[in-house]
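Colleague: Next come a sequence and a model predicted from it.
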Amino acid sequence: MHECHPLGADDARGVRVVKLLLLAHAFAPHNASGSVRAVKLAEFFRECGYDLRVITAAPLAYPRTLSARVPETCVVTTRWLDVFAPLEVARRLLPGGGGVGAGGASAGAGRASLAQRLVRFYRATIGMPDGQLGWIPFALAAGRTLGRDWRPDLVYSTALPFSSHLVAARLARRFGCPWVAEYRDFFADNPYQDTPAWRGAIDRRLEAAVMRSAAASVTISPPMAEELAQRHGKPSVSVPNGYDPEDFATADAPAPFDPQMLTILYTGIIYPGRRDPSPLFAALAGLTPEERARIELRFHGQDLRGVAEMARRHGVEDRVRVGAAVPYRTSLAWQKQADALLLLLWNDPREQGVCPAKLFEYAGAGRPVLSLGYSGGVAADLIRTRGLGHVGSDTGAIAAALRAWLAQKRAGGVAAPSQDARAGLSRRDQFNRLRDFLRGQGLVP
């Protein structure tokens, strides 16, 4: 398996090669937001000269369209058991089963409510710590097998799912090495988790027990780093997401955009009831018919529930296009070609520390951002302070931004943020901070 060892970082030069094990439930070729960060981490660790192995899972319910500059011999892919799969079977087989698996309504409101309560109870009791717990035994077995002739100096796990941290803690204990927990999202007290109140106390105890053995934690924003440090009494560092200039330089795919239209693009998923494009639809509805006719909103992603219906409710369905997810490089190419890019945040103070990877992609694309949702958090501050675009859900202000972009489009093109606006936002800039932190903690030389 010598192919896993990067050229130029060998013991003959007197360099102690760090053996690093990365645990990531989602990894290439599965195209998910979490797997993109995991892939970029793996590539960075190899560039640092570390002898890397990755343990991941397959198959996953994501398009297989993500590539990685990591040799296949470095990646151990295990199978896993989806403990929530019975819910999907029930959704297909039971009358009115739409309410069972997907949270939709069944034949009667009472029965739908009962079905939803049963689903919630099943998820809360069976899915502890999460729906990926069926990966734990396979990942542990893969780690034990790997350890027969290759033992890591450091285990690094990226989550959610929190199951990754459970595996990391056990393998680190087995190998007698430290481990680092990366949180892309909170596990305990995560406002996006629709679990009953009684699960909160269990999750907090479980997280505290697992994190007791961690050497440190890594997360994506200063507020989240501060919270984790207070919770667990361990060093914690903010390492935001970033963009990879090379990805944008090589991303080239024609977009299905009308050059006469002001095109606003959203690539990702929708969190119904939380990340909501309705303010944009309302602003669009308030424009004159002539103005509306020159604007097209395009949504592309794997899960865009409710977008078409919201557009219909605001009477702008003819200006909204909802399409399937596209490969990662294609999405980057389309972002470069759009006139503006839509970012959705939950309009809730609990969104304070959330700074989506999508925002950094948008910065790398060099197009102005229209951010809807909470305007007092890290993401909104970044957009404002760097002049990356418009922040806020006020329909009048959104309408004014649309009119300004229409005027710029007529005059030759929507103005891009300055090059300085994205300085320091690349993945390399962020991951250099991670390397410095790991060195400062004595976890790598």
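Modeller: Received it, and whenever you're ready, just let me know what you need.

Colleague: Please name the residues that touch the residue most central in space within the chain.
Modeller: Against the mean C-alpha coordinate of the chain, by Cα atoms, centre = their mean, the closest residue is residue 33 at 3.5 Å. With contacts taken as Cβ atoms under 8 Å, 6 or more residues apart in numbering, residue 33 has the following neighbours: 184, 268, 356-358. C-betas here are computed from N, CA, C, even on glycine.

Colleague: Please apply the same query to residue 326.
Modeller: The neighbours of residue 326, taking Cβ under 8 Å, 6+ apart as the test, are 65, 253, 267, 300, 334.

Colleague: Can you flag the buried ones in the residues you listed?
Modeller: Neighbour counting over the contacts of residue 326 (16 or more other Cβ atoms under 10 Å) leaves 65, 267, 300, 334 as the buried ones.

Colleague: Look up phi and psi at residue 21.
Modeller: Main-chain torsions, residue 21, degrees, to the nearest 10: phi -100, psi 120.

Colleague: pLDDT below threshold where in the stretch 101-250 of the chain?
Modeller: Residues of the stretch 101-250 of the chain that meet the criterion pLDDT under 70 lie in 101-113.

Colleague: Do a quick rundown of the helices in it.
Modeller: If you assign secondary structure with DSSP state H, counting those that start in this stretch, the helices in the stretch 101-250 of the chain sit at 109-126, 136-146, 163-175, 197-211, 222-232, 245-250.

Colleague: what does the stretch 301-445 of the chain give?
Modeller: 307-313, 328-337, 357-365, 378-386, 395-410, 427-440.

Colleague: Average pLDDT for the shortest one, rounded please.
Modeller: To tie it back to what came earlier, the one meant is helix 307-313. pLDDT averaged over helix 307-313 equals 95, rounded to a whole number.

Colleague: Show the secondary-structure elements that it is packed against.
Modeller: For helix 307-313, the packing partners by 3 or more Cβ pairs under 8 Å, 6 or more residues apart in numbering; DSSP states H and E come out as helix 278-285, strand 320-323.

Colleague: Contacts for it next, please.
Modeller: Counting contacts by Cβ under 8 Å, 6+ apart, the residues outside helix 307-313 that touch it are 270, 276-278, 281, 297, 299, 317, 319-320, 322.

Colleague: Now that helix: buried residues?
Modeller: Judged by neighbour count (16+ other Cβ under 10 Å), helix 307-313 contains these buried residues: 307, 310-311.

Colleague: give me every residue that touches the closest residue to residue 335 other than its chain neighbours.
Modeller: With Cβ to Cβ, 6 or more residues apart in numbering as the measure, residue 365 is the residue that lies nearest to residue 335, at 3.7 Å, once sequence neighbours are left out. Residues counted as contacts of residue 365 (Cβ under 8 Å, 6+ apart) are 243, 248, 332, 335-336, 338, 341.

Colleague: does residue 327 really touch residue 63, like I thought?
Modeller: Yes - contact between residue 327 and residue 63 holds when scored by Cβ atoms under 8 Å: they sit 6.9 Å apart.
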